[in-house]
Each structure stands twice: as C-alpha cells, then as structure tokens.
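Student: need the 3D shape of this:
(one chain, ligands or ions: 2)
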Amino acid sequence: MADCLEGDCLKLKRNWIAKAKENPAYREILEIFERLIDLTESSIDQVRPYLKPIPLSAYVEEKFQQGMPLVDRMNFPVPNEPFDSLLDGFLNGLEGIGDSVDRDLERLKEKHRDGTISGQRLINQFVMGSETFLSHLFQIPDINHHLLFLTLRNIFKICLIPFQETLSDELATGWERGECPVCGFHPDMGVLRGEGGKLYLHCAICGHEWRFKRMACPFCGAELQKGLNYLQVEGDDIHRIHLCHFCKRYLKVVDERNLPEGTPLFLDLEELTTLHLDIIADQKGYAPGINV
Ligand SMILES: [Zn+2]
Ligand SMILES: [Zn+2]
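Tutor: Ligands and ions are numbered 1, 2, ... in the order given. I've put the predicted structure just below:
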C-alpha cells in the first residue's frame, strides 16, 4: 500500500482535508497539501512516459533479500527535464495561498533558476542518504520547511511510482528493516492494523507501507521488550507515540482498529495534523525519527 495519488480515493482525501481545515492551526499547511494533490494528479500523466516499469532482475532481487531497497540510489531515474518541469509547475501552482507562502515560492524559484535546487543536486543528496538529503533541504534560511519538503517529496513520489508497482506482496514479505523497502527512507508514521494490532510503517518519502516488528525501534533497530514505552493523550485511543529509550526517538502511530467504522485513514495527512503529539514527545526529551 502507498499514499493515494490518483483515482477515486482522492475524493475521500479532499473531503478529509476540508474537514481538517476547520482547525485554523492547520489551514495553511493543508491548503498547500491540497494544491499539491491537484498538481500531482495532473502531473502524473504529463511525466508518465518517463515512468518506465522497473524490471526486477535477479541481481536486484538478491540485493533486496539482503536488505537493500528496490531503488538503486546510484541510478535513480529522475532525468532533469521532467524534474524541472514538475518543479516549475508545482511552484507556480502553489501561488496565491498567502503572502508568506508567495514570498517563499519566489525565493524557491530563484534558487531553482540559479541551480541551487536542481534535479541533479537533489538526486546527489538522495544518493548520499536520507539524513543528508533532509538536512540539505533546509539549508535555505528562513524558508517554510514544510512547503519545501512537501513539494520535493511529491516530485519524488511521482518518480517512485514504477518502483511501487514492482514491489509485489510476495517479495515484500521477507523485508524486516526499519527503512522503506522501496526507497530506503525512514518512516514518519506507523499504524496498528488487523487482529492483534500488527504494526505497519509509512515511508516519509514515497508513502509505501510495510510490516515491521511491533517490539522494535525502526530507527536504531533495538529490540524493545524492556525499553518499549508509549504515550497516549487522555480521551484519544486512536493515536499513540512509540518511544525508544535507546536512541531517544519516537514514532507517531495510529491505531486503525479504534477508528470509527468507514473512516478513511491517510497517514500522510495524519502526520501533518498531529502536531500536538510532536510537542508531547519533545517535552519528554524525544526527537522525531526524521526531521521535517
Ligand atoms: Zn519509501
Ligand atoms: Zn531506537
């Protein structure tokens, strides 16, 4: 499973956002998110010719079984041309949300023009690993981090579609790592699902979901029989924060079993609209698994 980028599920997603936007604290970020949904949906067809199916060679399959994600980071397939047109389209399409967003968009366009933000540079950072990639994004001072991160992440999501399609359930079964089997990034959310509450992780970049041991930390890999703890807000049995006492990082988790029946779950939106959980974890001295 991965985030919904096109098709019927987007209608449910837009309804979800319309409701969540009633909270003024999330209005602007959700407006950005909503625009990016529209832009992503309309861009997929435009770049479809570049999204070639990824053949699963015996070599890739063997590497995968040894714990390497499907994306070969040294040969990441984002040619500059579609990247530039996607980024142009996204930056122009986000205009008009508010003065501060417009100001940031102008700065980003300037950085795109002078080559600071380019497909090649982004790929180079991506190849070097998620931590470097994410911190690189934030080297533009005083920028709205979420605006930049969400915009670039959506471009990645589009480019990673062929890999999502390559990963069969059968192949994914043996994957036990805390990093995403598709792109190799860390999760930004977890979900407890099905009988007994099996834990699934949600990739911060491509949105892929994969099964993970419930009593382990996805960030440092420590077994948490003794160290696992979690926090919950009184009166909210849907959200919880898993804490790792070893690396002092936390994971926000949704208990899907406690959602009212028929409620759709969008983990990319849950991540954005559960800031109160980040504040609680921060106050207890825990850091997010990835810094967005
Ligand atoms: Zn991923
Ligand atoms: Zn840990």
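Student: would you mind naming what in the stretch 101-250 of the chain lies close to ligand 2?
Tutor: For the stretch 101-250 of the chain, the contact set with ligand 2 under C-beta under 5 Å from the ion comprises C217, F219, C220, A222, C244, F246, C247. (Glycine included, C-beta is placed from N, CA and C.)
Student: which stretches of the stretch 101-250 of the chain have low pLDDT?
Tutor: 127-128, 131, 138, 226-228 (pLDDT under 70).
Student: which parts of it are strands?
Tutor: For the stretch 101-250 of the chain, the strands defined by DSSP state E, counting those that start in this stretch occupy 187-193, 198-203, 209-212, 229-231, 239-243, 249-255.
Student: angle of the second one against strand 249-255?
Tutor: The one in question is strand 198-203. 120 degrees (axes from the mean of the first three to the mean of the last three C-alpha atoms, to 10 degrees).
Student: close to ligand 1, is strand 198-203?
Tutor: Yes. Applying C-beta under 5 Å from the ion, one finds strand 198-203 in contact with ligand 1 at C203.
Student: ok, the spatially most central residue of the chain to I97 distance?
Tutor: The chain has A204 as the residue nearest its centroid, 2.5 Å off, counting by C-alpha atoms, centre = their mean. Look at A204 and I97: by C-beta to C-beta, to the nearest Å, they are 23 Å apart.
Student: spell out which parts of this structure neighbour ligand 1.
Tutor: C180, V182, C183, F185, C203, I205, C206, H208.
Student: which of those sits closest to P162?
Tutor: V182 (10.1 Å; C-beta to C-beta).
Student: returning to what we had before: enumerate every residue touching the residue nearest to the residue nearest to the centre of the chain when sequence neighbours are not counted.
Tutor: Residue nearest to A204 in three dimensions, not counting chain neighbours: D188, with 3.7 Å by C-beta to C-beta, 6 or more residues apart in numbering. If you count contacts by C-beta atoms under 8 Å, 6 or more residues apart in numbering, D188 has them with H202, C203, A204, K252, L267, E271, P288, G289, I290, V292.
Student: need the pLDDT of the fourth one.
Tutor: Pointing back at K252 there. We have a pLDDT of 97 for K252.
Student: just the buried residues of the residues of the stretch 101-250 of the chain next to ligand 2.
Tutor: Buried subset of these (neighbour count, 16 or more other C-beta atoms under 10 Å): C217, F219, A222, C244, C247.
Student: what about the residue lying closest to M215 once chain neighbours are set aside, distance to ligand 1?
Tutor: Using C-beta to C-beta, 6+ apart and skipping residues adjacent in sequence, the residue nearest M215 is L224, 5.0 Å away. The spacing between L224 and ligand 1, counted by C-beta to the ion, to the nearest Å, is 23 Å.
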